[in-house]
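> I would like the atomic coordinates for the input below:
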Amino acid sequence: MLNKEELKNLPQLLTPQELAEAMGISLTFCYKLIRSKGFPSFRVGKKWLISTDKLMEWIDIQADSNVCKKTEVQNE
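Next comes the predicted model:
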């Protein structure tokens with residue numbers, strides 16, 4: 001898994017293999033993410049690509065969403 005500085009230096013578009021390596025996840029899970037609603041990926045022919053900028057936004061949204069869920073559980 002890459003650190004924050006290395007994440008900033010990623011190319012603008014990632015392949016699933018590059019994404020899996022950068023995030024420290026399996027390629028199988030990476031494809032599961034790619035096919036999930038709202039994940040910032042698109043196809044060019046048969047090739048999947050992931051926008052690095054949109055990926056960072058998606059990660060922030062996921063992190064914020066999880067913080068809200070944890071806060072709601074703690075408040076109950």
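> distance of residue 63 relative to residue 24?
Look at residue 63 and residue 24: by CB to CB, to the nearest Å, they are 16 Å apart. Where you see a C-beta, it was placed from the backbone N, CA and C, and this is true even at glycine.
> backbone dihedrals for residue 23, please?
Dihedral pair for residue 23: phi -90, psi -10, per degrees, to the nearest 10.
> what's the pLDDT at it?
What the model reports as pLDDT for residue 23 is 88.
> so it makes contact with residue 30?
Yes. Counting by CB atoms under 8 Å, residue 23 does reach residue 30; the two are 7.4 Å apart.
> those two - which one has more neighbours?
Taking other CB atoms under 10 Å, residue 23 and residue 30 do not tie; residue 30 has more neighbours (24 against 17).
> the more buried one: helix or strand, and which one exactly?
helix 27-34 (DSSP states H and E).
> avg pLDDT for that helix?
On average, helix 27-34 scores 96.
> can you tell me what sits against that helix?
Outside helix 27-34, the residues that touch it by CB atoms under 8 Å, 6 or more residues apart in numbering are 16-17, 19-20, 23, 25, 39, 41, 48, 50.
> which SSE is immediately downstream of that helix?
strand 41-44.
> tell me the buried residues in that next one?
For strand 41-44, the neighbour count (16 or more other CB atoms under 10 Å) marks residue 41 as buried.
> ok, it: who's next to it in the sheet?
Applying DSSP bridges to the sheet, strand 41-44 is found paired with strand 47-51 (antiparallel).
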